[in-house]
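Chemist: Sharing a model that was predicted from the sequence below.
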Amino acid sequence: MIQSVIKILKVLNSETHPAQISLGLCFSVIVAFTPKFSLHNIVIYFLILFFRINLSAFLLGSFLFMGVGALLDPLFHRIGLALLTAPWLERLWTAFYNATMWRVENFNNTVVMGSLFSGVVLFAPLYFAFNRAVLYYRKNVYAHVQKLKIVKAIKANDFYQKYQSLKDWGGLS
Amino acid sequence: MTGRAEKRQGKAGAPKRSKVVRWQGLLIFVVLGALVAGAWLLFVDRYAERTIESAGTSIVGAKVELDKADVSLSPLGLTLVGLKVTNPDSPMTNAFEVGRIAFHMDGPNALRRKVIIEEMSVEDVRLNTPRKTSGAVASTGRTPLEQLAELPSFVIPNVKEAFEKEKADLRSLQLVTGAAADAETARVRWAAKLKELEAAADVEKYQKRYAELKARTGKVTVGNLLGGSADLIAFQKEVKGDIQTVTEAKKLFTADLSALQKIAADAPAAVRDDARRIIDKYSLTPSGLTNISRLLFGPKIAAGVRSALQWDERLTPFIDRVKEKINGKDVVKPIRAEGRNVRFREDRPLPDFLARLAKVSISLPQGNFAGRIENMTSDPDILGLPLKFAFSAENLKGLRSASVEGMFDRVNPGARKDILNLRFRGYEARDVKLVESASLPVSLGEGLADLDISASLENGALKARITAGVRSARLAVGKGEERPGLAGRVDGAIRSALMGVTSLSLTAEITGTPEDFDLKVRSDLDEVLKSAVGGLVRDQLAGFEGDVQKAIAAEVDGPLGKLGTGLKGLEAIGLNLDALNKKLADLLKK
């Protein structure tokens, strides 16, 4: 619990650009919504590590949105079924179905398709929403949070001090 | 050194840092990938083992266990060791155990989530092995036939009980009660009709008119003669018309009365018929004795059929996955995943699972069976070929030869057809339980048996024929719980008769649906048992039949009395109709 709080503070209070935090959170939504070992998730893991996207935000987001994803599975199934059985998309899906890469992706599963589609569609709106939320926090909430006793107690903790020392380790913040 | 120079030196010394990519991330991705791959290699066997155990358990409805699974990557394949599948109907027994299953898969197709196996080896299959711990069992209902285990038909029932159960369905009672009600209705109707006729054909009025006519023609004039003759003709015509009406009414009345009289006359015969029907139903009549094979062997055969049908049902998810049609697309439920998989047209259609050939060796205490299963697939409609299997063995211990072959044809979902043919020759049977009754447990102590079973399940219609012949037989009838009275005497007679049997043949025919099938069993034991217990049953039945008849007659008495009263009332109306007719006829004579 303490570690999670530290991570939240670390992510939100770091000097990382809001866009990097938002991208981490947006990618975490896709990973949390869809089956963990899907092909597209391996691509996302690569993007997260290779590009300067906030890793802590990604990990934290994955943890937070995982439960939401499980609850939304019935909705994803319906969305996926509607897309996969839509007559106007049949040619596209048939072409995908005959390509090995897409079969590995398991795109023809209704939950995979519905969750991936939802994650991708939500990506851009969530990116802007998260951006604004981070900016708002830094401008209006950050100072108040710093004054909270619990925050002071956490910051005085040894573990937090060590974590702070790793702040710029390898640019992985 | 100036500040600017220091800055330049600093920039040159520090590595250039990209704002977009972090190269260390690539390294971490590779390292993490390697770690995941390593972990996969380390745990894939255990994962495969758990997956097979959990999927198998959910499909079979009882515990499925596996000692070891070994996944190989090059060539891609899987080896399973020590597979144990619990019999859901007997939790302390494994329906079968397989020592080793090994196969290689087609790699590129595996990437497309298709398991294509050219040849599978299934070794050391053992059937009905004991388990140390119990497996889960799904409860199953029993057919009415199986509930006949205690042979209730050997017991002459209590008259009162039998009568009370059948009272509502007594045809004699229904007939007489209905007739009594009809008689009363007819009496009221005909009484009204009689009044109506008497009012229309008022004899007194006719007599007055006749007197007037006669008086008018007393004075002999031409006018009187002519006018009187015309009136007389009109009068006669009127009376004749009334006679005709009354005669026709009488005809209808007679038909009504005759029908009711016939019912009253037939009542005793109807009572006798009802008594016979109740006796046939509730006791072992001489005619019912022909059914004794069914009573003896029916429950065991029915249990076997039900067990076979349950396995057929359990195998269905393997050999024919449930497919829905949504917007014209085939949609299937994946065995281990959420949601549904939607299928599209493939350039080279292949089933999701296909084992073209499985070579199977089965180890039984009697010896080894060898066989092959062809075209095992979850999508027979895509493969276009039915699953076929054939096993055979010769010169086994206690069995001269055996062969089992069959087919599960689900190529066309609208015309599914399952076939099973089984043939055993020279089976040295020992202590085979035939009847598991508490009062009359019968077993085949020893004998040489031949057995043929042919069964088919085509579009929900079940059809099977079982023929069995036993030579050098010795039937053992256990000393069960002794029943009092006739039941005990019948048990004794059957026991003695069966002890003397040295050969028997049996034919069972099963028709119907898996949920509700009819079983007909014929055996040469029928004649043996008929002569053994027929006399006993006949003596007892004579008294029973009389008692049943008396009970029915007592019940029918009341309505029969009402019917008699109704008939008497009707007969009186009939006499009145006759009297009216006579009076009218007398007028004409004048």
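Modeler: Sure thing, it's come through.

Chemist: Now do the contacts for the residue nearest the centre of chain A.
Modeler: The centre of chain A sits closest to A:S28, judged by C-alpha atoms, centre = their mean, with a distance of 1.4 Å. Taking C-beta atoms under 8 Å, 6 or more residues apart in numbering or on different chains, we find A:S28 in contact with A:57-62, A:64-65. (Each C-beta comes from the backbone N, C-alpha and C, glycine too.)

Chemist: Quick check: phi and psi at it.
Modeler: With angles defined as degrees, to the nearest 10, A:S28 sits at phi -70, psi -30.

Chemist: Leaving aside the residues adjacent along the chain, what's closest to it?
Modeler: A:G61 (2.8 Å; C-beta to C-beta, 6 or more residues apart in numbering or on different chains).

Chemist: The one you found falls within a strand, correct?
Modeler: No. Looking at A:G61 with DSSP: H, G, I helix; E, B strand; the rest coil, it is helix, so not inside a strand.

Chemist: how many other residues sit next to it?
Modeler: A:G61: 25 surrounding residues under other C-beta atoms under 10 Å in any protein chain shown.

Chemist: that older thread, from the contacts of A:S28, pick the one nearest B:M376.
Modeler: A:S62 (40.2 Å; C-beta to C-beta).

Chemist: For the closest residue to the closest one other than its chain neighbours, give its distance to chain B.
Modeler: Using C-beta to C-beta, 6+ apart and skipping the chain neighbours, the partner closest in space to A:S62 is A:S28 (4.3 Å). As judged by C-beta to the nearest C-beta, to the nearest Å, A:S28 and chain B stand 16 Å apart.

Chemist: Need the per-residue pLDDT for A:S28.
Modeler: Looking at A:S28, its pLDDT is 95.

Chemist: what's the distance between it and B:R306?
Modeler: 53 Å (C-beta to C-beta, to the nearest Å).

Chemist: Helix, strand, or coil at B:F96?
Modeler: Relying on three-state DSSP, one would call B:F96 strand.

Chemist: Would you agree it is in contact with B:T86?
Modeler: No. Applying C-beta atoms under 8 Å as the test, B:F96 and B:T86 come out as separate, 9.7 Å apart.

Chemist: who has more neighbours, those two?
Modeler: Taking neighbours as other C-beta under 10 Å, B:F96 and B:T86 compare with B:T86 leading, 26 against 16.

Chemist: so which helix or strand takes in that one?
Modeler: If you go by DSSP states H and E, B:T86 is part of strand B:76-87.

Chemist: Is A:V29 located within a strand, as I assumed?
Modeler: No. Looking at A:V29 with three-state DSSP, it is helix, so not inside a strand.

Chemist: Burial check on it, number of neighbours?
Modeler: 25.

Chemist: contacting residues around it?
Modeler: A:61, A:65, A:119, A:122-123, A:126.

Chemist: give me that answer again for 6 Å
Modeler: Residues in contact with A:V29 (C-beta atoms under 6 Å, 6 or more residues apart in numbering or on different chains) are A:65, A:119.

Chemist: and if you look at the one 4 residues further on?
Modeler: Residues in contact with A:F33 (C-beta under 6 Å, 6+ apart) are A:69, A:115, A:119.

Chemist: number of nearby residues for the last one?
Modeler: A:G119 is surrounded by 24 other residues when neighbours are defined as other C-beta under 10 Å.

Chemist: Likewise for the second one?
Modeler: As a burial measure, A:S115 scores 28 neighbours (other C-beta under 10 Å).

Chemist: That one is in contact with A:P35, isn't it?
Modeler: No. A:S115 lies out of contact with A:P35 (C-beta atoms under 6 Å); the separation is 7.9 Å.

Chemist: didn't B:P386 look like it was pressed against B:G406?
Modeler: No. Between B:P386 and B:G406 there is no contact under C-beta under 6 Å: 9.9 Å.

Chemist: So which bits of chain A are right by chain B?
Modeler: Residues of chain A lying near chain B by C-beta under 6 Å from any C-beta of the partner chain: A:46, A:49-52, A:73, A:77, A:84-85, A:93-94, A:97-98, A:100, A:103-104, A:108-111, A:170-171.

Chemist: Repeat the analysis, applying 7 Å as the threshold.
Modeler: Counting by C-beta under 7 Å from any C-beta of the partner chain, the residues of chain A close to chain B are A:45-46, A:49-52, A:73, A:77, A:80-81, A:84-85, A:87, A:93-94, A:97-98, A:100, A:103-104, A:106, A:108-111, A:170-171.

Chemist: Put the buried members of these into a PyMOL selection.
Modeler: Filtering the residues of chain A next to chain B down to the buried ones (16 or more other C-beta atoms under 10 Å in any protein chain shown) takes a single PyMOL command:
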select buried, chain A and resi 45+46+49+50+52+73+77+80+81+84+85+93+97+103+106+108+109+110+111
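
Chemist: Filter the residues of chain A next to chain B down to the ones in helices?
Modeler: Among the residues of chain A next to chain B, the members falling in helices (DSSP state H) are A:45-46, A:49-50, A:73, A:77, A:80-81, A:84, A:93-94, A:97, A:100, A:103-104, A:110-111.

Chemist: quick one: pLDDT of residue 100?
Modeler: Picked chain A for this. pLDDT at A:T100 comes out at 89.

Chemist: let's do chain B instead
Modeler: For B:R100, pLDDT reads 92.

Chemist: and it, what is it in contact with?
Modeler: B:R100 sits next to B:79, B:81, B:123-124 when contact means C-beta atoms under 7 Å, 6 or more residues apart in numbering or on different chains.

Chemist: at 10 Å what do you get?
Modeler: B:67-68, B:79-83, B:121-125, B:361 (C-beta atoms under 10 Å, 6 or more residues apart in numbering or on different chains).

Chemist: What separation is there between it and B:V360?
Modeler: B:R100 sits 11 Å away from B:V360, going by C-beta to C-beta.

Chemist: all strands in the stretch 151-300 of chain B, in order from the N-terminus.
Modeler: Using DSSP state E, counting those that start in this stretch, the stretch 151-300 of chain B contains no strands.

Chemist: Count the residues that sit near residue 55.
Modeler: You didn't say which chain, so I picked chain A. 20.

Chemist: Sorry, I should have been clearer: chain B.
Modeler: By the other C-beta under 10 Å criterion, the neighbourhood of B:A55 contains 14 residues.

Chemist: Can you work out which residues contact both of A:S115 and A:P35?
Modeler: With contacts taken as C-beta under 10 Å, 6+ apart, A:S115 and A:P35 have A:69, A:109, B:338-339 as neighbours in common.

Chemist: Of the residues you listed, which is the nearest to B:P75?
Modeler: Of the shared contacts of A:S115 and A:P35, the one sitting nearest to B:P75 (C-beta to C-beta) turns out to be A:N109, at 27.6 Å.

Chemist: What residues of the helix or strand hosting B:R100 count as buried?
Modeler: Assigned by DSSP H and E, B:R100 belongs to strand B:90-105. Buried residues in strand B:90-105, counted by 16+ other C-beta under 10 Å: B:90-91, B:93-105.

Chemist: Determine how far that strand lies from the middle of the whole chain.
Modeler: Per C-alpha atoms, centre = their mean, to the nearest Å, the displacement of strand B:90-105 from the mean C-alpha position of its chain is 32 Å.
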